[in-house]
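Provide a 3D model corresponding to the input given below.
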Amino acid sequence: MKLPIVTDTASSNAPSPAESTGDGKARGQYAVVSLGCPKNLVDTEQMLGRLDHDGYRMVPDVDDADFVIVNTCGFIESARDESLGAIDEMLQLKRDGKIRNVVVTGCLAERGQGELLKERPEIDAMVGVFGRNDIVAVIDDLYSGLEEQRTVFKPAAIQPLSDSMRSAITPRHFAYLKISEGCDRLCTFCAIPKMRGKHYSKPIEQVVDEAKRLGDSGVREVVVVAQDTTYYGMDLYGRPRLTELLTELDKIESIDWIRLMYFYPMYIDDDLIDVIAGARRVLPYIDMPLQHASDTMLKRMSRKTTRASQEVILEKLRQRIDNLVMRTTMITGFPGETDDDFRQLCDFVAEQKFEHLGVFTYSVEPDTPAAKLPGRVAEDVSLRRQEELMAIQQQIAFEWNESRVGTAVDVLIDAEVPDQPGLFMGRSVAEAPDIDGVVFVSSDDQTSTIEVGQMVRCEIVVANGYDVVAAPLDD
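Residues are numbered from 1 along each chain as shown. Next up is the predicted model:
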């Protein structure tokens with residue numbers, strides 16, 4: 001059974017297992033299931049880097065593994081269900097004698113703790129979000145024959161943990177760069193502060209050093225992630241310092257693209273906009289989750305913004321950053337959302353014409369203020385509103401892709417399409433990994449030397465829904 005994760009330790013900064021043990025033999029083999037957001041994926045890579053350094057070897061097929069690590073997500077109900085399903089699947093393999101141990105890590109482990117162990121006593125060990133650096137000690141205990149369950153839950157650190165020791169599970173040409181941990185926002189629908197603690201920024205020097213390591217290992221695109229990117233530096237320096245950080249990152253010659261994710265619509269000033277607009281490597285692409293456009297809903301969500309303030313910042317960004325591509329997310333069915341609130345949201349999306357937009361239905365999260373709000377919206381109403389909003393966005397996205405036909409773009413090649421020689425999948429500046437559409441690059445030239453990780457100059461020739469098809473241009 002092959003697990004659903006891409007492995008590519010060639011871009012890791014950690015030594016290989018043979019180098020770690022000195023005798024060419026791995027101490028044990030493991031497989032990994034990494035679920036959830038890119039921040040969680042960075043945590044996975046950090047744990048794997050430590051295991052690899054200590055002599056354990058990652059394998060893509062669970063049939064060849066001694067133990068499996070399931071790094072879980074606990075953000076919303078559907079994510080929790082996916083995580084629990086993965087845990088149960090691995091526990092069944094343990095019952096069948098195919099693997100020795102199941103180790104559960106990440107946000108659901110942090111959130112569930114004793115309750116999760118009570119419900120699934122066959123879990124061998126659980127490691128919380130801030131215990132990830134102890135993963136080697138946990139596995140060593142299992143290999144030494146420890147029969148008692150091992151749990152590692154630690155309070156949030158004063159500073160975020162370093163992400164320099166990583167074994168990559170993304171393709172080697174792109175990687176996520178986590179600049180901070182936790183969140184100080186108190187959005188009423190969100191449980192992230194309960195799982196990942198308060199906002200803590202990495203020092204600028206540490207982030208730059210990690211980015212240089214990634215660039216030196218062959219990474220061409222760095223995707224900047226955090227729970228609240230624009231708030232970066234407030235805890236360390238007394239004011240946001242994203243402007244200075246991007247200025248330093250933009251100087252790293254080994255990196256081609258720097259992509260910005262998770263912009264909260266606050267602390268975006270003229271200096272920050274100028275840096276993005278004038279940078280060589282920072283892309284004109286911003287992911288800014290807005291969640292709603294009705295002032296009533298924004299207040300009930302405790303978003304600290306209004307529709308008017310969102311419109312002002314969006315207009316300023318569009319005016320001053322050439323060819324800006326905007327991504328956002330919205331929530332339908334939040335408690336108290338009326339037909340009028342939803343209509344305001346639809347009008348806002350139609351007016352703003354976001355190039356990319358995702359829509360979630362409200363998920364009731366235990367221990368959050370929103371769970372106690374009156375005016376619960378029926379599930380079928382939430383789903384119907386989600387579909388209606390996505391129908392509006394679909395027309396916007398399809399028309400935007402049609403407008404791109406005939407334009408020249410640089411495409412970073414992510415993969416070759418299986419069983420279709422000469423057809424590749426990649427992304428331009430306008431597409432982030434995993435969440436946006438893709439650029440299919442078709443080459444009829446039998447002598448083509450297109451390779452994964454290569455940057456290819458192409459012309460977009462066909463729009464295909466959320467995706468586009470492009471042809472390589474002559475050198």
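
element containing Val104?
strand 101-106 (DSSP states H and E).

quick check: mean pLDDT across that strand?
For strand 101-106, the per-residue pLDDT values average out at 92.

name the helices or strands packed onto the helix or strand following that strand?
Beyond strand 101-106 in the direction of the C-terminus, DSSP H and E gives the next helix or strand as helix 107-112. Based on contacts counted as 3 or more CB pairs under 8 Å, 6 or more residues apart in numbering; DSSP states H and E, the elements that helix 107-112 packs against are strand 67-72, helix 77-95, helix 192-196. Bear in mind the C-beta positions are built from the backbone N, C-alpha and C, glycine included.

Could you say which one of the ones you listed comes nearest to Arg404?
When the helices and strands packed on helix 107-112 are compared for distance to Arg404 using CB to CB, the nearest one is helix 77-95, at 31.9 Å.

Would you mind pulling the contact partners of that closest one?
1, 33, 35-36, 62, 68, 70, 72-74, 99-102, 104, 106, 108, 120, 122-123, 363-365 (CB atoms under 8 Å, 6 or more residues apart in numbering).

The same query, at a cut-off of 6 Å, please.
The set of residues external to helix 77-95 that reach it, using CB atoms under 6 Å, 6 or more residues apart in numbering, is 33, 35, 68, 70, 72-74, 99, 102, 104, 108, 122, 363.

Identify the residues contacting Gly215.
Contact analysis of Gly215 by CB under 6 Å, 6+ apart lists 252, 254-255.

Now do stretch 258-268: distance from first to last residue.
Start-to-end span of stretch 258-268 (CA to CA, to the nearest Å) is 18 Å.

list the buried ones in it?
Neighbour-count burial for stretch 258-268 flags 258-265, 267-268 (criterion: 16 or more other CB atoms under 10 Å).

Max pairwise distance over these: which two?
Looking across these, with CB to CB as the criterion, the two at the greatest separation are Ile258 and Pro265, at 20.2 Å.

and the contacts of helix 77-95, which are buried?
The neighbour-count criterion (16+ other CB under 10 Å) marks 33, 35, 68, 70, 72-74, 99, 102, 104, 108, 363 among the contacts of helix 77-95 as buried.

Now flag whichever of the residues you listed is closest to Ile396.
Relative to Ile396, the closest of the buried ones among the contacts of helix 77-95 is Ser363; by CB to CB it sits at 25.2 Å.

which of the contacts of Gly215 tops the neighbour count?
By neighbour count, taken as other CB atoms under 10 Å, the most surrounded of the contacts of Gly215 turns out to be Ile255 (22 neighbours).

How about that residue: what's its closest non-neighbour residue?
Beyond its immediate neighbours in the sequence, the residue positioned closest to Ile255 (CB to CB, 6 or more residues apart in numbering) is Gly215, lying 4.4 Å away.

And Thr338, by the same measure?
For Thr338, the nearest residue in space outside its immediate sequence neighbours is Thr296; the separation is 8.0 Å by CB to CB, 6+ apart.
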